[in-house]
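**Q** here is my input, please return the structure:
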Amino acid sequence: MTTPTASATTAPPHGGRRVAAALAVLTAATFAAVTAETLPVGLLSMIARDLGTTESRVGLLVSAYAVVVAVASLPLTALLSRWPRRRALTVLLGAYAVGNAVFAATDSYAVAVAARLLAGLAHAGFFSVAIGAAVSLVPRDRAGRVTAWVFGGVTLAFTLGVPAGTALGTAVGWRWAFAGIAAVLLLLAGSAAALLPASAPPAAADPAPVRQVLRRRPVLLVVAISVVLTLGHYTAFTYVSPVLSAAGVGTGSISLVLLGYGAAGALGLALAGALADRFPRPALAGAVLVVVLALGAIGASGTSVVVTVVATVVWGVAFGAQPTLLQTAARRAAPDAGDATPGITNATTNIGIAGGGLLGGRALLLADPPALALTGAALAALALVLVLLSARPASG
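**A** The predicted structure is shown next:
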């Protein structure tokens with residue numbers, strides 16, 4: 001990823017407490033955003049009961065959110081590049097807070113869909129702006145480390161946010177979990193306004209070069225890998241509660257399994273940070289292979305609690321590595337795409353999230369929950385083939 005051209009007055013600062021505080025806010029915002037996006041998967045049955053609908057329809061709330069992100073990411077990246085990043089992040093986080101507050105308060109499935117769509121729209125612009133803001137705070141030679149730092153919020157969401165939110169929702173009601181997220185997002189909006197430096201807007205992206213970048217074979221392979229791998233992951237993960245329940249994991253223990261999954265993701269993130277620059281393709285291939293094996297074990301184990309729990313934790317290691325590895329692959333495939341790179345990966349990832357929710361919901365109506373894990377394993381195997389194909393040299 002390259003940083004936008006800046007004048008001397010907007011050059012990235014090299015360090016200091018204010019920069020550290022700003023990076024902490026961006027990481028916390030990433031944590032809150034991903035927690036809000038994925039928390040319904042741990043509370044499906046409770047949300048469905050309160051909204052008077054089915055678990056599969058609640059799962060579609062994750063898909064609807066992701067569809068908005070997939071469709072709106074690149075247009076919003078271009079639009080928000082005309083805004084100062086501080087203003088853009090403040091508005092986006094405020095919209096996030098409103099969407100989650102409305103979702104927490106409503107008894108209507110239709111209003112719940114609208115609230116998730118609003119939150120998804122905020123998410124669509126968030127990652128491009130947040131990563132661009134983080135990179136603008138440091139010298140270029142630290143851009144990769146800062147990107148991994150911000151993506152640490154994703155791992156923290158799965159390590160702490162989703163399990164804690166699931167536990168809170170189980171104990172006092174899912175509405176309080178989403179109300180808490182809304183309050184955190186509102187606080188982060190104020191923190192972003194206070195801590196991010198005032199700077200000129202990044203240069204508006206020219207859509208023609210972006211279209212040209214998307215025609216390149218290496219970029220198309222990264223896009224395909226991202227879509228197919230995320231599709232496989234979310235076919236199973238969107239409905240992880242019924243998958244775990246089918247294996248015999250009790251309702252009160254699901255949050256503990258998700259905690260183990262998230263903690264394993266922290267290990268995956270550390271491995272990705274250590275390997276991404278030196279061995280980018282082997283690291284990505286290894287992570288995808290682990291997904292294939294873990295989901296295959298979950299699907300084949302039937303009612304074995306031990307195998308399912310262990311495989312879910314191993315799955316978490318691979319998933320924790322994926323955001324950094326996919327972002328690295330995209331940056332290497334399109335080093336001249338600038339701030340559009342996170343927009344591209346955000347869009348393609350959410351195509352997979354949306355498709356996974358839809359495919360998993362359909363499969364849940366037609367088959368037992370373990371079939372979702374087997375479907376995810378098959379899709380991850382296809383993604384592995386694409387990673388291996390990307391090893392073949394190509395021009396552009």
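
**Q** name the next helix or strand following the helix or strand where Leu271 lies along the chain.
**A** Per DSSP states H and E: Leu271 is located in helix 254-275. As assigned by DSSP H and E, the chain's next helix or strand after helix 254-275 is helix 280-301.

**Q** buried set for that following helix?
**A** Neighbour-count burial for helix 280-301 flags 280, 283-299, 301 (criterion: 16 or more other CB atoms under 10 Å). C-beta coordinates here come from the backbone N, C-alpha and C atoms, glycine included.

**Q** end to end, how far does stretch 248-260 reach?
**A** One end of stretch 248-260 to the other measures 17 Å (CA to CA, to the nearest Å).

**Q** show residues contacting it.
**A** Taking contacts as CB atoms under 8 Å, 6 or more residues apart in numbering, the residues outside stretch 248-260 that touch it are 42, 45, 158-160, 162-164, 166-167, 170, 240-241, 244-245, 303-305, 308-309, 312-313, 316.

**Q** make it 10 Å
**A** 38, 41-43, 45-46, 158-171, 237, 240-245, 247, 302-306, 308-310, 312-314, 316 (CB atoms under 10 Å, 6 or more residues apart in numbering).

**Q** those in helices, which ones?
**A** 38, 45-46, 162-171, 237, 240-245, 305-306, 308-310, 312-314, 316 (DSSP state H).

**Q** buried among these? Need that as a selection in PyMOL.
**A** Typed into PyMOL, the line below selects the buried ones among the ones in helices among the contacts of stretch 248-260, using 16+ other CB under 10 Å:
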select buried, resi 38+45+46+162+163+164+165+166+167+168+169+170+237+240+241+242+243+244+245+308+309+310+312+313+314+316
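
**Q** re the thing from before, next one: the helix holding Leu271 to chain centre, how far?
**A** 14 Å (CA atoms, centre = their mean, to the nearest Å).

**Q** buried stuff in that helix?
**A** 254-255, 257-273, 275.

**Q** strands of the chain, start to end?
**A** Ranges of strands in the chain, per DSSP state E: none exist.

**Q** looking at it, which helix or strand is least sure?
**A** The helix or strand of the chain with the poorest confidence is helix 207-213; it has a mean of 60 (mean pLDDT, DSSP states H and E).

**Q** where does the prediction get shaky in this protein?
**A** Along the chain, the model assigns pLDDT under 70 to residues 1-15, 140-144, 199-210, 337-340, 391-396.

**Q** grab the most central residue of it for me.
**A** Val34 (5.7 Å; CA atoms, centre = their mean).

**Q** close enough to count as contact, that residue and Phe319?
**A** No. Val34 is not in contact with Phe319 according to CB atoms under 10 Å; the separation is 11.5 Å.
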